[in-house]
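Visitor: Dropping the sequence and predicted coords here.
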Amino acid sequence: MVSADNPPDPPPRGHVLLAPDRFAGTLTAPEVARHLAIGLRRARPAVPVVELPVADGGDGTAEAAVVAGYRRVEVEVCGPTGRPVTASLALDGHTAVVELAQASGLRRLPNGKPQPLTATSLGTGQMVAHALRLGARRIVLGLGGGACTDGGAGLVQGLGGRLLDATGKDLPPGGAALRSLHALDLRAMPDLSGVSIVLAGDAVDPLLGRNGAAASGPRKGASRDEVRILDAGLRRWADLAEAASRRPTRDRPGAGAAGGVGFAALAFLGARFEPGIALLLDLLGFAEKARGARLVVTGEGTLDVQTLRGRPSVGVARAGARADVPVVAVAGRRGLTGEQLRRARIQAAYVLTDIEPDSDRCKRQAGPLLEQLTVAIADEWLPPRGPHD
């Protein structure tokens, strides 16, 4: 989305638009875009380059918005284990981009140690509350990369709600404590009339059951016994939350997203889901930035069957096709055939392992190797148009 009060300068004609996702565990999306830009400017100094790193609601979503022109706002909130963390949101006029991973993400766990029974989404609620205080009337909440399985109870607490046990005391944080939930006090929750909450992600799993939020607990460090504890807590939470909100939400697609934060957002915030990458490309102004481009370069760490199930690279490729601009991809590794890539609207793939077979070296030297890849991209897609190209 582009603010009407502060329209961006139009991109130069005949430019290359760099719209990569992160290389997980190796480079952030802005770092990938930066290395591609360095290589292309070296190979084709006369070709304008526009950097637009992308994300789909997980790690890097707020940063992608900042690179696209949003203002970074930092706020101290509660991390997933109760320790304070400094988290960033992105703001443009009355639109805010809030990333759950910033406050309640796996990368916020001290020493990376999971705490599946007690991890909380409280800090995410505090970030939403801060965005509201800044005047946001549309909040995009990215749900990827979370560390908690608390059904979004912490989100509600961060917005002023209270979760009480049978003695009237506030519940401790985390999904396990929800088994002792007795009552909700929502009187301090903000008035959200006139506020639109959009969840960036794919609406798939329900809150409970074999495909629910607790079932994904092992990815956050939960044992089988702990999964049962979490599911019982989420069931109790769903009973009281639905009675309080008067919204039957537990079985809605996406209620299980981010350890159940999707459930709380649907039940108490009146949120709605939109496909993560399509929503973010709209917010980042992809269509405007692709207009008049010679080429779009996207990419991610691994191009494989997961890519075809909705990762950002495919979203960028489809958006590029709609803009009638060819799209190529860079990656660390490739597990797709040429035909699969073409069906995904990716016209060619350039892979680090093609120039450095050692995978460990690829990770350590990913940036310089990406710069080398741009030589082949320039040769094949950016033929010189004049003596200075």
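Guide: Structure's in. What do you need? Numbering: from 1, shown residues only.
Visitor: quick check: longest helix of the protein.
Guide: helix 224-245 (DSSP state H).
Visitor: which residues sit against that one?
Guide: 116-117, 149-151, 153, 175-179, 181, 183-184, 186, 207-209, 212-215, 217-218, 222, 248-250, 260, 263-264, 267-268 (C-beta atoms under 8 Å, 6 or more residues apart in numbering). To be clear about C-beta, it is placed using only N, CA and C from the backbone, and glycine gets the same treatment.
Visitor: Only C-alpha atoms, please: export it in CSV.
Guide: Output in CSV follows, covering the C-alpha atoms of helix 224-245 (Å, rounded to 0.1, in the frame of the first residue of the first chain):
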residue,chain,number,x,y,z
ARG,A,224,3.8,-36.0,23.1
ASP,A,225,2.6,-35.5,26.7
GLU,A,226,3.1,-31.8,26.4
VAL,A,227,1.0,-31.8,23.2
ARG,A,228,-1.8,-33.3,25.1
ILE,A,229,-1.5,-30.7,27.9
LEU,A,230,-1.5,-27.9,25.3
ASP,A,231,-4.5,-29.3,23.5
ALA,A,232,-6.5,-29.6,26.7
GLY,A,233,-5.6,-26.0,27.6
LEU,A,234,-6.7,-24.8,24.1
ARG,A,235,-10.0,-26.7,24.4
ARG,A,236,-10.8,-24.9,27.7
TRP,A,237,-9.7,-21.6,26.1
ALA,A,238,-11.9,-22.2,23.1
ASP,A,239,-15.0,-22.9,25.3
LEU,A,240,-14.7,-19.7,27.3
ALA,A,241,-13.4,-17.5,24.5
GLU,A,242,-16.3,-18.4,22.1
ALA,A,243,-18.8,-17.8,24.9
ALA,A,244,-17.3,-14.4,25.6
SER,A,245,-16.9,-13.3,21.9
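Visitor: mind checking which helix or strand residue 167 is in?
Guide: Per DSSP states H and E: residue 167 is located in neither a helix nor a strand.
Visitor: List the buried residues of stretch 131-138.
Guide: 131-132, 136, 138 (16 or more other C-beta atoms under 10 Å).
Visitor: quick one on the thing from earlier: what subset of the contacts of helix 224-245 is buried?
Guide: Using 16+ other C-beta under 10 Å, the buried members of the contacts of helix 224-245 are 116-117, 149-151, 153, 175-179, 181, 184, 207-209, 212-215, 217, 222, 249-250, 260, 263-264, 267-268.
Visitor: Just flag the most distant two among the buried residues of stretch 131-138.
Guide: 132 and 138 (11.0 Å; C-beta to C-beta).
Visitor: what sits in contact with each of these two?
Guide: residue 195.
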